[in-house]
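Undergrad: Sequence isn't available, so here's the structure alone:
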């Protein structure tokens, strides 16, 4: 399984609620650059999961209109919630993209890659691509790519 963690792009600071915050003009550019990079690498059977927050939906929409809004990965979700929604390590699909939030996505990355309870920092609109694989000593998580919109 390929698990792609994609943090939402830059969003406005103030809105009627946290879930209503929208992407800024810079955030739209960030999400479009990240989406272009992803689009060139995703298989047709990839499943895109987005938090119900407006900023994550807008980020996902820069990639495709074929995504699922998943309440369980909202801003206060845990790493376990995200991994359950994605079906890690077997997957609900061969590739699952989770468009979500900090610090949750940083917790997921630290847990999978370092068996740590820390929360690693993920820049806005950054993509972390993690692959599950079986080795002689069991299931492993391997980092395939980390990309920041600053480098696109």
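TA: Perfect, thanks for sending it. Source: prediction; values computed, not measured.
Undergrad: where in this structure is pLDDT low?
TA: The chain contains no residues with pLDDT under 70.
Undergrad: Helices along that one, start to end?
TA: Listed in chain order, the helices of the chain (DSSP state H) span 25-39, 54-61, 79-86, 104-114.
Undergrad: contacting residues for the residue nearest to residue 52 when sequence neighbours are not counted?
TA: Leaving out its chain neighbours, the residue that sits closest to residue 52 by C-beta to C-beta, 6 or more residues apart in numbering is residue 69, at 5.1 Å. Every C-beta, even on glycine, is put in place using the N, C-alpha and C of the backbone. Residues in contact with residue 69 (C-beta atoms under 8 Å, 6 or more residues apart in numbering) are 50, 51, 52, 57.
Undergrad: Does the first one touch residue 63 like I think?
TA: Going back to what we said before, that points to residue 50. No - counting by C-beta atoms under 8 Å, residue 63 is not a contact partner of residue 50; they are 9.7 Å apart.
Undergrad: Now tell me what touches stretch 127-143 from outside.
TA: Here stretch 127-143 makes contact (C-beta under 8 Å, 6+ apart) with 1-6, 34, 37-38, 88-91, 105, 109, 112-113, 122, 144-147.
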